[in-house]
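J.: Provided below are the primary sequence and the corresponding predicted coordinates.
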Amino acid sequence: MDQGPLILAIETSCDETSAAVVSGRTIHSNIVSSQVDLHRQWGGIVPEAAARAHVESILPVIDEALTAAKVTLDDIGAVAVTNRPGLVGALSVGVSAAKAIAYSRNLSLLGIHHLEGHLASVLGSGDAVRLPHVALVVSGGHTECIEVRSWGDYRMISHTIDDAAGEAFDKGARLLGLGYPGGPAIEIAACAGDARRYSLPKGLSGDSVDFSFSGLKTALMRLVEREGSALVVADAAASLQQTVVKVLVERSVRVVDSLGHGALTLVGGVAANSLLRAELQAECDRRGIQFATPPLTLCTDNAAMIGLAAAPRLARGQSDPFSLDVHPTSELASG
Ligand code: KG4
Ligand code: ZN
């Protein structure tokens, strides 16, 4: 594939300030400044604090991305930025920076949907990625199976009817007193646990392809109340992790079977979970499904995935006007 121009990509939709330099499928740099330590004191993300921290970090992070890629702004051909969905104040910081750079240098500007970034993150895996395929997108705000017919042409096949998988981990960790962020905390605690001690519900039954995690959260809450100080936290964490993983594997493979594409990708912050990666890989191997997932650094929020999503759009001649706006909520649309 033609490398195309160097893209400066920016991502500030939530609690990571990130900038990257990408061309085609090549990632030249990907700098992520996490606000996890800042938000830990409140046990979750405080939007005002997130926006302020983005303001402080955005220029140093962009500088670092350019330096790491051994380029200057003179080498950049286009600027891509997450403009939807996300925290409005946080998104505005990235979009303002992107507009200023693009306007002052007369560069193409592309506003990218955060979910399209997660979908395209698999292009950085180095693995062959077949089209069409099914993408299991699992993050703090999303749990969806999306049919990727081509880059830019997407169809939502199934989704969670309540909490996202990442939310199940985050809320579960809070209930178990495991701290923030919940996903990695659950994974670490679960290493020493026995998933068979406590049984938790898998949510929607039958042949559904949708997801539901709120019943799991309620069951965990009851378990914590019932067991009190006798609760073995590691075992509860292991059980929670295994239940979420089982549901994700079962439903996503069912979607692949129903569409007959024979290819599945796993993307989003929860894709960093080792058990999920291993179980999905094993199930796909058993069924002859081609499986691809990005390295851990491309699973959680980062700007390289925004650049990877922008590259095919740029190659098709797309760009956005400098009036580009931010949107707190937004469906992933084709186009
Ligand atoms: O994609 P992401 O960085 O941000 C959103 O777009 O939401 O995903 C963050 C989510 C959080 O819920 C976090 O707990 C979860 O991904 N996560 C994990 C792991 N690492 C991050 N969940 C399970 N296991 C992990 N290792
Ligand atoms: Zn994300």
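T.: Nice, I can see it. Ligands and ions are numbered 1, 2, ... in the order given.
J.: alpha carbons only for contacts and neighbour counts from here, please
T.: OK.
J.: Give me the phi and psi for the closest residue to residue 216 other than its chain neighbours.
T.: In this structure, residue 216 finds its nearest non-sequential neighbour in residue 201, 5.6 Å apart by CA to CA, 6 or more residues apart in numbering. Per-residue torsions, residue 201: phi -80, psi 150 (degrees, to the nearest 10).
J.: Can you report how many residues neighbour residue 201?
T.: Counted with other CA atoms under 10 Å, the neighbours of residue 201 add up to 18.
J.: again with residue 249
T.: Residue 249, neighbours per other CA under 10 Å, totals 19.
J.: Now it: which helix or strand?
T.: Using DSSP states H and E, residue 249 falls within helix 233-259.
J.: Buried residues of that helix, list them for me.
T.: 233-245, 247-249, 251-253, 255-256 (16 or more other CA atoms under 10 Å).
J.: Return the residues of the chain in contact with ligand 1.
T.: Proximity of the chain to ligand 1, by CA under 6 Å from any ligand atom, involves residues 139-141, 166-167, 169-170, 181-184, 187, 268-270, 272-273, 300-301.
J.: Quick check: closest non-adjacent residue to residue 176.
T.: residue 233 (6.4 Å).
J.: I meant residue 94, not that one.
T.: Nearest to residue 94 is residue 12, by CA to CA, 6+ apart, at 5.4 Å.
J.: looking at it, residue 312 is touching residue 151, isn't it?
T.: Yes - contact between residue 312 and residue 151 holds when scored by CA atoms under 8 Å: they sit 7.0 Å apart.
J.: Straight-line length of stretch 137-144, end to end?
T.: 5 Å (CA to CA, to the nearest Å).
J.: about what we covered before: wait, what's in contact with the residue nearest to residue 94?
T.: Counting by CA atoms under 8 Å, 6 or more residues apart in numbering, residue 12 touches 18, 54, 82, 90, 91, 93, 94.
J.: so of those, which ones are in strands?
T.: Among those, DSSP state E puts 18, 82 in strands.
J.: where exactly do the strands run in the stretch 201-335 of the chain?
T.: In the stretch 201-335 of the chain, the segments counted as strands under DSSP state E, counting those that start in this stretch are 263-267, 290-292.
J.: tell me the most buried of those?
T.: strand 263-267 (a mean of 27; mean count of other CA atoms under 10 Å).
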